[in-house]
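In: Sequence plus predicted model, see below.
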Amino acid sequence: MTPFEAQERRWEAEINRRMGQGDGLEFTLAHFAKSVGADANDPALISFFNNLVRSTAARRIEACRCPLCASVLPANTVETLASCPYCQADFQQEGVEITVEYFYRLEGANSRDIRWVIVIHGMNSRAPWQEEFSWQIANRLRYSAPVLIYKYGWATIDVLITPLHRRLARRLGDRIRIAIKQATGSERPSKPDIIAHSFGTRLFSLILEDPDFQDLEFGRVITAGSIVRPDFDWSSHIESGRVEAVMNHVGGKDSAVPLAQYTIPGAGPGGKVGYASMSTLNVSNPQFGHSDFFVPQNLRTQIAEGGLWYDFLTRPLAHFRPHGAFVPALKWQPACWPVRALIRTLLYVVFCVAGPLSWLRRKIDP
Ligand SMILES: [Zn+2]
């Protein structure tokens, strides 16, 4: 074997190791070169990678970075970007240009399996799409990962009262704890991935804040049509390891989310404005309304291989800035309290009238 062949064998071995372990699947040439003790400018290494790309074992991807804070910039906004959405630096003023770098992604293996998923619905859990949703998600996931679809029954007018939220959240937390115990018992990982919609996002955020549930840890979290406040402190939960990563899927035509802060105590328009926490990923679909994420056709697209949700749940996230990724433009402020108080008072009145009816309906139709 010539030294040249031996060297190539070593590189191949490193690629195989990474694919086998599902680790280090995305890297720049410089990083790879460093890990195998090669020179990134070595023509042999460059042609080795060109061959990998040609054989479709690897993909070459362009990533743009802010030259000042090194953040990866949302791919679809780069041409029009005058300043960095992360460090706010004005590129022209600073006399710098966006850094373009290439990285490679090894194909044919995912970084991560979807182990098991807990789906937390919004209100009105009888909507027809939710039946379809349960079916789709349970069938389309490639690894046939178990899916727990959590329903909390009727929560209609209850949402106006905070203590009832907490009770619903505690019930959900208890259920999740049981599921985690069962999962670890059957040698599954202890951290489920979460897909939460609408009011389910609020319940999930309450569990994260509740000291009684501090023992519960989660994998990757997708919130859709979120009514969590944009200033919710996701970062501290990500940094502490309780949550691996968060993607906030925003519907550009969502008309329910902006009303949340007036009707549901503690809620906010996270699913419209986006989350301010820098460690989260906000992705907008301009065509989606509040429940369009779960329309069978859209859902199928999202959880099929290469779909947004599938990619978020399986891919390495260091360079993951899908189409539609955005950083909230303005610092969000809740609407002034007299407005919120007035609207909520009106709704309390409605509650006192309609509450007994809601109770009655639950008794009749649990
Ligand atoms: Zn920056």
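Out: Good, I have the coordinates.

In: Pull up the per-residue confidence for the nearest residue to Ser226 once chain neighbours are set aside.
Out: Distances taken as Cβ to Cβ, 6 or more residues apart in numbering place Gly271 nearest to Ser226, at 3.6 Å, with adjacent residues excluded. Just so you know, the C-beta spots here come from the backbone N, C-alpha and C atoms, and that holds for glycine as well. Among the per-residue scores, Gly271 shows a pLDDT of 95.

In: who touches the helix or strand containing Gly271?
Out: When elements are assigned from DSSP states H and E, Gly271 belongs to helix 270-273. Contacts to helix 270-273, defined as Cβ atoms under 8 Å, 6 or more residues apart in numbering, come from residues 198, 201, 223-230, 232, 248-251, 254, 257-258, 290, 328, 332.

In: how distant is that helix from the center of its chain?
Out: Relative to the chain's own centre, helix 270-273 is displaced by 13 Å; criterion: Cα atoms, centre = their mean, to the nearest Å.

In: could I get it in CSV with only the CA atoms?
Out: Output in CSV follows, covering the C-alpha atoms of helix 270-273 (Å, rounded to 0.1, in the frame of the first residue of the first chain):
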residue,chain,number,x,y,z
GLY,A,270,-44.9,33.1,20.6
GLY,A,271,-46.4,31.4,17.6
LYS,A,272,-46.6,34.7,15.7
VAL,A,273,-43.8,36.9,16.9
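
In: Show the subsequent helix or strand relative to it.
Out: Sequence order places strand 281-285 as the next helix or strand after helix 270-273, per DSSP H and E.

In: Who is the residue most central in space within the chain paired with across the strands?
Out: Residue closest to the average C-alpha location in the chain (Cα atoms, centre = their mean): Met247, at 2.0 Å. Under DSSP bridges, the beta-bridge partners of Met247 are Ile222, Leu281.

In: Which residues are in contact with the closest residue to Trp309 other than its chain neighbours?
Out: Of all residues not flanking Trp309 in the chain, Gln302 sits nearest, at 4.2 Å (Cβ to Cβ, 6+ apart). Residues in contact with Gln302, defined by Cβ under 8 Å, 6+ apart, are 293, 308-310.

In: Among those, find me the one that's closest to Gln92.
Out: Proximity of the contacts of Gln302 to Gln92 (Cβ to Cβ) peaks at Leu308, which lies at 32.4 Å.

In: show me what contacts the closest one?
Out: For Leu308, the contacting residues are 249, 283, 302, 322, by Cβ under 8 Å, 6+ apart.

In: which of those residues lies closest to Trp337?
Out: Taking Cβ to Cβ as the measure, Trp337 lies nearest His249 of the contacts of Leu308, at 29.3 Å.

In: Just give the closest residue to that closest one, not the sequence neighbours.
Out: Among residues not flanking His249 along the chain, Ala224 sits closest, at 4.5 Å (Cβ to Cβ, 6+ apart).

In: and the one you found, how many neighbours?
Out: Applying other Cβ atoms under 10 Å, we find 27 other residues in the vicinity of Ala224.

In: The ion versus that one, what's the distance?
Out: Between Ala224 and the ion the computed distance is 28 Å (Cβ to the ion, to the nearest Å).

In: cool, Gly37 as well?
Out: Using Cβ to the ion, one gets 32 Å for the distance from Gly37 to the ion.

In: does the residue nearest to Trp309 sit in a helix or strand, and which one?
Out: helix 296-303.

In: Just the mean pLDDT for the helix or strand following that helix, thanks.
Out: Of the helices and strands lying after helix 296-303 in sequence (DSSP H and E), the nearest is helix 308-314. Helix 308-314 shows a mean pLDDT of 90.

In: tell me what whichever helix or strand comes after helix 308-314 is packed against?
Out: Next along the chain after helix 308-314, taking DSSP H and E as the criterion, comes strand 325-326. The contact analysis (3 or more Cβ pairs under 8 Å, 6 or more residues apart in numbering; DSSP states H and E) places strand 325-326 against strand 281-285.
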